[in-house]
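A.B. asks: everything below, folded, please.
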Amino acid sequence: MTFPSADTRPARHIPEVPPFLALGLRLAPPGPAGRVLSEVARRILADHPRLIDRLGAYRTCRFSLTATDVPINFLIDLGADPVRVRLQATPPDADARISGKLAALIGLVHGAWDGDALFFSRDLVVEGDTSAALALRNAIDDAELDLGQEISSLSGPLSGLVSRLISFTEGLTGVPLTRTEAIQ
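C.D. replies: Predicted coordinates for the structure are as follows:
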């Protein structure tokens, strides 16, 4: 008796970040970009306090997110006081590392794609403490985050303009920059 091999083809198309945007992300100065991302992370945690509670024993972990198509590495240090996000050229030491296209990582946050499907199709790779990575994914799913909305709200009087720019960029690139209904 033979068993069919697992189908690891992606069930959906995950867009590539356009080269001009990838170049802009790579050229962003890590210090200022990290400060902005840290402020966004702190704001998210302040607005969604259950997110940290949902992490349980993993609430002080360090998570490395690697956007393989850009390439850029983010280190989210939940154990730092206050929480800190850093951009790095090489993958940092972390408790758990999640790698994949930037659109897949952002889409996972926004619920655009199923994390299990991304993992089993190899669109995402998890290394290190997989329990910590799963706890992070579950906490983010539970919080129903919208990074576009969070960034817009930080823009003060320019929030309307920033929202329109995010929407335009989302339409242009196909990258889910805001929370949407799941893509099937």
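A.B. asks: mind jotting down where the helices sit in this protein?
C.D. replies: 19-27, 30-47, 50-55, 102-109, 115-120, 130-143, 147-153, 159-173 (DSSP state H).
A.B. asks: got those helices as JSON lines, with mean neighbour count columns?
C.D. replies: (Each C-beta comes from the backbone N, C-alpha and C, glycine too.) Output for the helices of the chain, formatted as JSON lines (neighbours: other Cβ atoms under 10 Å):
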{"stretch": "helix 19-27", "mean neighbour count": "12"}
{"stretch": "helix 30-47", "mean neighbour count": "15"}
{"stretch": "helix 50-55", "mean neighbour count": "15"}
{"stretch": "helix 102-109", "mean neighbour count": "24"}
{"stretch": "helix 115-120", "mean neighbour count": "18"}
{"stretch": "helix 130-143", "mean neighbour count": "18"}
{"stretch": "helix 147-153", "mean neighbour count": "18"}
{"stretch": "helix 159-173", "mean neighbour count": "14"}
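A.B. asks: closest one to A89 among those?
C.D. replies: helix 30-47 (8.0 Å; Cβ to Cβ).
A.B. asks: ok, residues contacting the closest one?
C.D. replies: If you take Cβ atoms under 8 Å, 6 or more residues apart in numbering as the criterion, helix 30-47 is touched by 51-52, 74, 76, 82-89, 143, 145, 147, 150-151, 153-154.
A.B. asks: for S64, which of the helices of the chain is the nearest?
C.D. replies: helix 130-143 (10.0 Å).
A.B. asks: that closest one packs against which elements?
C.D. replies: For helix 130-143, the packing partners by 3 or more Cβ pairs under 8 Å, 6 or more residues apart in numbering; DSSP states H and E come out as helix 50-55, strand 62-67, strand 96-100, helix 102-109.
A.B. asks: and T180, which of these is closest to it?
C.D. replies: helix 102-109 (8.7 Å).
A.B. asks: and that closest one with helix 19-27, angle?
C.D. replies: For helix 102-109 against helix 19-27, the angle by axes from the mean of the first three to the mean of the last three Cα atoms, to 10 degrees is 80 degrees.
A.B. asks: give the rounded mean pLDDT of helix 102-109.
C.D. replies: For helix 102-109, mean pLDDT rounds to 93.
A.B. asks: then stretch 80-96?
C.D. replies: pLDDT averaged over stretch 80-96 gives 93.
A.B. asks: could I get the helices and strands packed on helix 130-143 as TSV with distance to A132?
C.D. replies: Formatted as TSV, these follow (distance: least, Cβ to Cβ, whole Å):
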stretch	distance to A132
helix 50-55	8
strand 62-67	7
strand 96-100	4
helix 102-109	15
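A.B. asks: in contact with T90, which residues?
C.D. replies: Here T90 is in contact with N73 (Cβ under 8 Å, 6+ apart).
A.B. asks: would you mind measuring from it to P30?
C.D. replies: 12 Å (Cβ to Cβ, to the nearest Å).
A.B. asks: could you do L37 as well?
C.D. replies: Distance from L37 to P30, by Cβ to Cβ: 10 Å.
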